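Novice: Provided below for reference: sequence and predicted model.
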Amino acid sequence: MSMGVLLPTLALAAVPVGQELPFFVGTDLTGTQRRSSELTGQPAVVIAATSRAASGEAQAWANEIVQRQGGDVPLVTLIAIDLPFFIPDDVALGMARDRIPHRYWDQTWLGGEGDIQRALQLEPGSDTPYVFTLDSRGRITDAIHGRVGDPAASRIWRSIQAWRR
């Protein structure tokens, strides 16, 4: 998929809007095992990168969310990259820790062996991240596969603003 291509609801590429976030397990950068069920109880934003090429744009999303909304929006970034069999998870965690500030380690989850990709039905190796908004029950309220500056990003901002009403 080329950069900037948007799928309005990710119907073919990810869990459809209106459904609950499926179960998956990841490990945050502190080394703690995390479950998708932890993303219920309050609205949240989830950013998922399925390639190293998408990591810069995933960071741009996170920065824009913090800049626009402050630090009070629950935000989790998923590193959902299929690693070659010869790269152990602890090496991948170390590489991610080198690039991500310590204060975000508990908000950054690494999925092992494509588990997050499969659970969310994400396209492996995409150059653009996936961004989901979740309601307090863990349902996906909106989703895009695109860059922070894409016109469809306005849907994510509207979803976040709806929480504040």
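Specialist: Cool, got the structure. Residues are numbered from 1 along each chain as shown.
Novice: next helix or strand past the helix ranked longest in the chain?
Specialist: Secondary structure of the chain per DSSP state H: the longest helix is helix 55-69. Moving toward the C-terminus from helix 55-69, the next helix or strand (DSSP states H and E) is strand 75-79.
Novice: can you list the strands that that following strand pairs with?
Specialist: strand 44-49 (parallel), strand 108-110 (parallel) (DSSP bridges).
Novice: any idea how far it is from the chain center?
Specialist: 4 Å (C-alpha atoms, centre = their mean, to the nearest Å).
Novice: packing partners for the helix or strand following it?
Specialist: Note on strand 75-79: by DSSP H and E, the next helix or strand toward the C-terminus is helix 89-99. The contact analysis (3 or more C-beta pairs under 8 Å, 6 or more residues apart in numbering; DSSP states H and E) places helix 89-99 against strand 108-110. For the C-beta atoms, the positions are set from N, CA and C on the backbone; glycine is no exception.
Novice: how about the strand it packs on: buried residues?
Specialist: Within strand 108-110, the residues scored as buried using 16 or more other C-beta atoms under 10 Å are Thr108, Trp109, Leu110.
Novice: so which of the strands paired with strand 75-79 comes closest to Gln121?
Specialist: Counting by C-beta to C-beta, Gln121 lies closest to strand 44-49 out of the strands paired with strand 75-79; the figure is 10.9 Å.
Novice: and the closest one with helix 55-69, angle?
Specialist: 160 degrees (axes from the mean of the first three to the mean of the last three C-alpha atoms, to 10 degrees).
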